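[1] whatever this is, show me its structure:
(chains A and B)
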2 protein chains.
Amino acid sequence: MARAWHLMNRPQGLPTDEDFALKDVDLPPVGEGMLRVRNQWLSVDPYMRGRMNDVKSYVPPFQLGQPMDGGAIGEVIESKADGFAAGDLVQHMAGWRDEAVIDARTANKLPNLGAAPELFLGVLGVTGLTAYFGLLDAASAKEGDIVFVSAAAGAVGSVVVQIAKAKGMTVIGSAGGPDKCDFVRSLGADKVVDYKAGPILKGLAAAAPDGIDVYFDNVGGDHLDAAFALARQNARFAICGMIEGYNDPTPPSFRFIMRTIAMRIRLKGFIVFDYFPRMAEFYGEMGPWVANGTVKSRETVVDGLEAAPDAFRGLFSGANTGKMLIRL
Amino acid sequence: MARAWHLMNRPQGLPTDEDFALKDVDLPPVGEGMLRVRNQWLSVDPYMRGRMNDVKSYVPPFQLGQPMDGGAIGEVIESKADGFAAGDLVQHMAGWRDEAVIDARTANKLPNLGAAPELFLGVLGVTGLTAYFGLLDAASAKEGDIVFVSAAAGAVGSVVVQIAKAKGMTVIGSAGGPDKCDFVRSLGADKVVDYKAGPILKGLAAAAPDGIDVYFDNVGGDHLDAAFALARQNARFAICGMIEGYNDPTPPSFRFIMRTIAMRIRLKGFIVFDYFPRMAEFYGEMGPWVANGTVKSRETVVDGLEAAPDAFRGLFSGANTGKMLIRL
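    Numbers count the residues shown, from 1 in each chain, chains lettered A, B, ... in the order given. Below is the predicted model:
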């Protein structure tokens, strides 16, 4: 019998235990063009919080009383689809559960880049793709730029730091607490600001006395306002996530947003899905970087399907360093 | 004896009478390369409020106890510069006064476009240039777009409305009160929202049931937040002025800024100065539009140098329809 995490209530603020239930599910028969997969790794990501609300967005909301989904790596147990055989490892979207029957068109066989399977949920997956195109396309970051990355110890942020260094940029990362700051420093960041040690505006002003050219925003709120305050002329912001606002209904306020005009700031929101057609370009540069150690992967791994809700909530309290993964 | 308005105090909020003084000034002799001009028209513009603060920005602050400056049209009374003769009409930056001696390199002879001189402070001047390049370059607006323009009865906004219509866009303008709304309608706007009649978010949602592709922001605050709320995918915002914030120290808050991500919004601050090198391109399209009536000019004219501070303050209370000018 397969088991899947169901959404039982629309959470108010941070989700509670009562908002989720792990329940048995009947799997349909494996029809033509379908695969049965046994999951080995599950991804939990901040964007899933948005799907727990009943709000139309770029991905549809989770349905109440139904299984949730999300990124996963699984092994094919049974295949009735051309090009897939038992034993293949695939990346697919039927996460939050241990087994699933899926349409083979929604599954991708892991490419042979010599990397551990779980990396395809991280540096070589959507996380890495987000970092890569957010930095290089949405923010048009280039060699010589001074780049500020918030949540630099997080899944996306830690990859942004490394790509920026690989491309010859100066990097300032923010993270919460000395351990995470040390981690960000170990990734090659030139300066690290501990946002728990004082106001981020003050910390960023000290770390970036000449201002910033690029801001990779994972956080919103005070971090974004500090970036407005320190932006240099023609600064470019990639708006990737505003995690501070996901569980907090208070509208964020911005003292320095008016600098958008004087500094000609360009701010661009983006969704990683838009870059899926450019996956080959991404693998072409990121594959070698991962293979030769230019970009290192760091995961926070929790074990067992039961731990998924705690792992998810941990994203909002900074429980993860690097990518948060569940190992089944 | 020439007279000029001096800045006497750094205003707190909206400037008061005590912040300005009209004083006699001695004009220097007309040296080599200089012009003596007698002003006929003066411009007052919202951006001048920023120059009254002691804050480094894209234009230097006005100096305390010194004459202010700004856009003006004057007649050359005496010339010691090649290419200028008595009787020439010039556009220059020695406004807020009746006469001035200026470096001829800071003066532009009005081009012969068959237009009244004061239009070179409005639709054919910095105002028109702001509207033109803000809409077409900063916001990349194109035929078929649904365009929302705030302060659409104002100097810049009223020109944006007309250019957008000339280029085949659908236009929604906001303005305060029935008279201004009628004016915006007379410019060709497809829908007009009276922001004094109710929350702008509600008004915009009703006027733009399919959302907006472009927002030309002259206002900031609730208007900008409403634009975030109604933006369609790949919406583009040109951030031109945030007049709501010029006299108000409360940081604006945004309930819908997070839609930047889902809708891939691009937001671009710009300064009209950056487009001065493209003046010929602007004249080439705008000159004929003004000549054939596609773009109409509307001014609110006050008479006499004494009226300048009131005219300036009126910009923030909506006293002007179209461009605010002082006739000497």
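[2] buried set for the lowest-mean-pLDDT helix or strand in chain A?
    Taking mean pLDDT, DSSP states H and E as the measure, chain A has helix A:47-51 as its least confident helix or strand, at a mean of 91. Neighbour counts using 16 or more other Cβ atoms under 10 Å in any protein chain shown place A:47-51 of helix A:47-51 among the buried residues. (Glycine included, C-beta is placed from N, CA and C.)
[3] ok, so of the residues you listed, who is nearest residue B:25?
    Nearest to residue B:25 among these: residue A:50, at 60.7 Å, using Cβ to Cβ.
[4] for that closest one, which non-adjacent residue is closest in space?
    residue A:57 (5.5 Å; Cβ to Cβ, 6 or more residues apart in numbering or on different chains).
[5] picking that back up, who's in contact with the least confident helix or strand of chain A?
    Residues from elsewhere that reach helix A:47-51 (Cβ atoms under 8 Å, 6 or more residues apart in numbering or on different chains): A:11, A:15, A:57, A:59-62, A:68, A:70, A:241, A:246-247, A:312, A:316.
[6] rerun that using 6 Å as the cut-off
    Residues outside helix A:47-51 that contact it (Cβ atoms under 6 Å, 6 or more residues apart in numbering or on different chains) are A:57, A:59, A:61-62, A:70, A:246.
[7] residues touching residue A:263, list them.
    Counting by Cβ under 6 Å, 6+ apart, residue A:263 touches A:231, A:233, A:235.
[8] doesn't the last one lie inside a strand?
    Yes: going by DSSP: H, G, I helix; E, B strand; the rest coil, the assignment for residue A:235 places it inside a strand.
[9] can you pull the residues of the stretch 151-300 of chain A lying near chain B?
    A:239, A:242, A:245, A:251, A:253-255, A:258, A:260-262, A:264-270 (Cβ under 6 Å from any Cβ of the partner chain).
[10] quick one: which of the residues you listed sit in strands?
    Judged by DSSP state E, the subset of these located in strands is A:239, A:266-269.
[11] and the residue nearest to residue A:50, which helix or strand is it part of?
    Per DSSP states H and E, residue A:57 falls between elements, in no helix or strand.
[12] what do you get for residue A:229?
    Here residue A:229 is assigned to helix A:221-230, by DSSP H and E.
[13] for that helix, what is the distance to the chain centroid?
    Offset of helix A:221-230 from its chain centre (Cα atoms, centre = their mean, to the nearest Å): 21 Å.
[14] can you check stretch A:50-70 too?
    Centre-to-centre, stretch A:50-70 and its host chain are 17 Å apart (Cα atoms, centre = their mean).
[15] show me which residues of it are buried.
    Buried residues in stretch A:50-70 (16+ other Cβ under 10 Å): A:50-52, A:57-58, A:62, A:67-70.
[16] where along the stretch 201-328 of chain A do the helices fall?
    Taking DSSP state H, counting those that start in this stretch as the criterion, the stretch 201-328 of chain A carries its helices at A:221-230, A:259-262, A:279-291, A:308-317.
[17] pick the most deeply packed of the ones you listed.
    helix A:221-230 (a mean of 23; mean count of other Cβ atoms under 10 Å in any protein chain shown).
[18] quick one: the strands in the stretch 101-250 of chain A?
    Ranges of strands in the stretch 101-250 of chain A, per DSSP state E, counting those that start in this stretch, are A:108-109, A:146-149, A:170-175, A:191-194, A:212-217, A:231-239.
[19] residue contacts, the spatially closest residue to residue A:9 that is not a sequence neighbour?
    Distances taken as Cβ to Cβ, 6+ apart place residue A:19 nearest to residue A:9, at 4.6 Å, with adjacent residues excluded. Residues near residue A:19 by Cβ under 6 Å, 6+ apart: A:8-9, A:11.
[20] let's see that with 10 Å instead.
    Applying Cβ atoms under 10 Å, 6 or more residues apart in numbering or on different chains to residue A:19 gives the contacts A:6-12, A:52, A:309, A:313.
[21] just the ones of the residues you listed in strands?
    A:6-7.
[22] for the contacts of residue A:19, name the two members farthest from one another.
    Across the contacts of residue A:19, the longest distance by Cβ to Cβ is 17.9 Å; it joins A:6 and A:12.
[23] domains of chain A?
    Using automatic domain parsing, the domain parsing of chain A gives A:2-121+A:297-327, A:126-273.
[24] residue B:37 is nearest to which of those domains?
    domain A:126-273 (29.3 Å).
[25] what mean pLDDT does the closest one have?
    The pLDDT scores in domain A:126-273 average 95.
[26] and it, how far apart are its ends?
    Taking Cα to Cα, to the nearest Å, domain A:126-273 runs 8 Å from one end to the other.
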